[in-house]
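Enquirer: got a sequence here, can you build the structure:
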Amino acid sequence: MGRSIKAIDSLENLKRMDIFFLIDGTRSMQPYIDIIRGSERGAGVVQKIIAAFGTDDAFRDTKLRFGFRVYRDTYAGNSGLGESLPFNSTCDVSANSLRTNLDNFAEKISKVQASASDAASGDNDYEENLLGGIAQAMDEMLPCPDNSKI
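Expert: Numbering: from 1, shown residues only. Modelled structure (predicted):
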């Protein structure tokens, strides 16, 4: 009996998904940042994910939360860590809470711009703080451990 309860709990976790983007915010990545957020010309990755879940009967009741962390070259300040939208720990999946999360995500991601080059030094190829971005993103994804994480 215990195994079947764990299996049911695991399936229920698939109904609550936290989708987190770790974004390279260096100069050459602007086209990919644009693809994530979308534009007037077309839906972005987030909108396509929402549409895909909404059209598949198996996932129609799935509750999606979105977050992100930007990392950049170390010269960009803040140890190369940029904007973010971490998950909050309320774990509320009501329609209002999910709408607020999506609106916050759309607003914050719309302001993300790839960093400019450091023209003063003449060197445009700095080391990115990928490991710092990964470490920070892991912390920001932790709330609501029963949600599936993507």
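Enquirer: how many neighbouring residues does Met138 have?
Expert: 13 (other CB atoms under 10 Å). Just so you know, the C-beta spots here come from the backbone N, C-alpha and C atoms, and that holds for glycine as well.
Enquirer: repeat for Arg69
Expert: The burial count for Arg69: 25, using other CB under 10 Å.
Enquirer: report all helices and strands that the helix or strand harbouring it contacts.
Expert: Arg69 belongs to strand 63-71 when assigned by DSSP states H and E. Using 3 or more CB pairs under 8 Å, 6 or more residues apart in numbering; DSSP states H and E, the elements in contact with strand 63-71 are strand 16-24, helix 45-55, strand 81-85, helix 95-110, helix 130-141.
Enquirer: return the list of strands paired to it, each annotated with direction.
Expert: strand 16-24 (parallel), strand 81-85 (antiparallel) (DSSP bridges).
Enquirer: and Pro143, which of the ones you listed is closest to it?
Expert: strand 16-24 (8.3 Å; CB to CB).
Enquirer: keeping just the C-alphas, turn that closest one into CSV.
Expert: What follows is strand 16-24, C-alpha atoms only, in CSV (Å, rounded to 0.1, in the frame of the first residue of the first chain):
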residue,chain,number,x,y,z
ARG,A,16,2.7,21.3,-10.0
MET,A,17,5.7,22.3,-12.1
ASP,A,18,8.3,24.9,-11.4
ILE,A,19,10.0,25.9,-14.7
PHE,A,20,13.2,27.8,-14.1
PHE,A,21,15.5,29.4,-16.7
LEU,A,22,19.2,30.0,-16.2
ILE,A,23,20.1,32.6,-18.8
ASP,A,24,23.4,33.6,-20.1
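Enquirer: quick one: average pLDDT of it?
Expert: Averaging pLDDT along strand 16-24 gives 92.
Enquirer: same check on stretch 112-129?
Expert: 65.
Enquirer: now the end-to-end length of it.
Expert: 17 Å (CA to CA, to the nearest Å).
Enquirer: quick one on the thing from earlier: turn the helices and strands packed on strand 63-71 into a markdown table, including distance to Arg65.
Expert: Listed next are the helices and strands packed on strand 63-71 as a markdown table, based on distance: least, CB to CB, whole Å:
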| stretch | distance to Arg65 |
| --- | --- |
| strand 16-24 | 5 |
| helix 45-55 | 11 |
| strand 81-85 | 10 |
| helix 95-110 | 5 |
| helix 130-141 | 10 |
